[in-house]
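Q: got a predicted structure here, sequence first:
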Amino acid sequence: MGTIRRTTILADADLLDRVDRLARRTRTTKTAVVTAALVAYLSVREAPPELPFLAIGRSTNGRLSLDGRSIARREAGRRPPEQPRRAR
């Protein structure tokens, strides 16, 4: 995760009570509850990472660049993995 830093948040008293209750019920800390909520919130709203490069080099195989782009998009979270194709 990285370095842990302290911060202060302002939130509605009812919301903070809910955090307290969830922390007690799950036997964890309020920090863990807030961290999990922030991770979930940001994972849905953050833009996918920019691809630092594409199409470096040459290939005699015409599909290699298409496969590379497909893999890069999948790894960047832009599209789910493709289903394996059946051999004919």
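A: Yep, that arrived.
Q: packing partners of the longest helix along the chain?
A: Ranked by residue count, the top helix of the chain under DSSP state H comes out as helix 30-45. Contacts defined by 3 or more CB pairs under 8 Å, 6 or more residues apart in numbering; DSSP states H and E place helix 30-45 against helix 13-25. (C-beta placed from N, C-alpha, C; glycine too.)
Q: buried residues in the helix it packs on, which are they?
A: 19, 22, 23 (16 or more other CB atoms under 10 Å).
Q: so how far is residue 4 from the second one?
A: Taking CB to CB, to the nearest Å as the measure, residue 22 and residue 4 are separated by 21 Å.
Q: what does the first one give?
A: From residue 19 across to residue 4, the span is 18 Å (CB to CB).
Q: one more: the last one?
A: If you measure residue 23 against residue 4 using CB to CB, the figure is 17 Å.
Q: need the pLDDT of residue 3.
A: Predicted confidence (pLDDT) for residue 3: 88.
Q: so the longest helix of the chain versus helix 13-25, what angle?
A: 110 degrees (axes from the mean of the first three to the mean of the last three CA atoms, to 10 degrees).
Q: can you list contacts of helix 30-45?
A: 9, 19, 20, 22, 23, 26 (CB atoms under 8 Å, 6 or more residues apart in numbering).
Q: do stretch 15-27 as well
A: Contacts for stretch 15-27 (CB under 8 Å, 6+ apart): 29, 30, 32, 33, 34.
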